Structures are given as C-alpha cells and as structure tokens.
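1. Give me a model of this one.
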Amino acid sequence: MKMNEQQWHVHPLRVRYEETDQMSVVFHGNYLTWFEIGRTEWIRHAGYAYRDIEAAGLLLPVIDVDCKYVKPARYDDVVLVCTRIADYSPVRLAFESQIRLGDASYLAAGSGLRNAEALEACELLAAGGTRHMWVNSSFKPTRLDRTMPQLYTMLLQLVQGK
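-> Below you'll find the model as predicted:
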C-alpha cells in the first residue's frame, strides 16, 4: 500500500564534532545512521520500541537503501531527521527519510509530528529511504499481520491517518 502526504515524524539532533570529516562537514555515512535513528524514533512515537518487537521474535532488516546528498550539514548545526512510511504491506515496510536544517527552536520542541508544509522552510540537506522485510529469528520472511496482528493494525491506522 503506497502512502501519501502523511505527517513527518521529526527528531532534532545537534551535529557532534565526531560526525564531521576533515572537510568540516558531516561524513556521508552518518546520514544513514540518522535514517535509522528516525525509524527507531518513529516506531517509539507510535507506541512500540524496537526492543519489544524483537522480543516478540520479529526482525526488520534493511534490504535496500538510497540517499541523495543535496547540501552538507556542519558541526553544531541542528538537523531534523524527518521520517514517514512510504510503502507498507504485511511482509515489507519502506520508510522515506529527509534530513533538513533546523534551528534551536526544534531542539526545544523535541520529537513529534509535523506537516510537510511546516518543514518546507527548513533547507533540505539529504533525502532517501530504506526498505525492509519482516523476518523471524531464523531470518525467514514472515507476515506481520499473522505474527503480530496488533502491530500490523496499529501501523495501518497510523499510515491511514486514523
């Protein structure tokens, strides 16, 4: 099921010195780490912790990733890790991610949902996404609607805006 125009979950971060490279910009691999932070915080905001999902015998490995770098983030910048579901089925889950330049007001406000229009004023630094497959502890594909129906229903309601 393709998703459209749902709200973004925004998690603000301040760029740490160790995340930058010799050119004084954020090392490219850190954007993928931020994508992962965004997914984890999105699911936590939805009422589940990855730890609880894994304890139920479900894993959600990355099977594909893409990232387009638009403009660099630098040390001490406030970046907004924006995450939403892009595609969803009982066996797969895809997240859309954006990294945007924010300011200290976002740090004060903390994590939460924002409309796309509210984020347009924040400069886009990187965009991409990750695709995942639900598997069991033996890494065999599994259907979320059969293995953990309450999580499947909750995700479906969230992406439909209910």
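2. Low-confidence bits of this protein, can you list those?
-> Applying pLDDT under 70 to the chain flags the ranges 1-6, 161-162.
3. which residue lies farthest from the center of this protein?
-> residue 22 (27.2 Å; Cα atoms, centre = their mean).
4. how about it, secondary structure?
-> What DSSP: H, G, I helix; E, B strand; the rest coil gives for residue 22 is coil.
5. For it, give me its contacts.
-> For residue 22, the contact set (Cβ atoms under 8 Å, 6 or more residues apart in numbering) is empty. The C-beta positions use only the backbone N, C-alpha and C, and glycine is treated the same way.
6. May I have the phi/psi pair for it?
-> For residue 22, the backbone dihedrals (degrees, to the nearest 10) come out as phi -60, psi -20.
7. what does residue 145 give?
-> phi -60, psi -20.
8. Run a quick neighbour tally on residue 10.
-> Residues lying near residue 10 (other Cβ atoms under 10 Å) number 27.
9. what helix or strand does it sit in?
-> strand 8-14 (DSSP states H and E).
10. Residues contacting the helix or strand just after that strand, please?
-> Next along the chain after strand 8-14, taking DSSP H and E as the criterion, comes helix 29-45. Applying Cβ under 8 Å, 6+ apart, the external contacts of helix 29-45 come out as 9, 11, 13, 19, 49-50, 53, 65, 67, 69, 79, 81-84, 95, 97, 99, 111-113, 126, 128-130.
11. rerun that using 6 Å as the cut-off
-> With contact meaning Cβ atoms under 6 Å, 6 or more residues apart in numbering, helix 29-45 is reached by 9, 11, 19, 50, 67, 81, 83, 95, 97, 99, 111, 126, 130.
12. Please name the nearest non-neighbouring residue to the fifth one.
-> Excluding its sequence neighbours, the residue lying closest to residue 67 (Cβ to Cβ, 6 or more residues apart in numbering) is residue 128, at 3.6 Å.
13. ok, which stretches of the chain are helices?
-> 29-45, 50-55, 104-109, 116-119, 144-147, 149-159 (DSSP state H).
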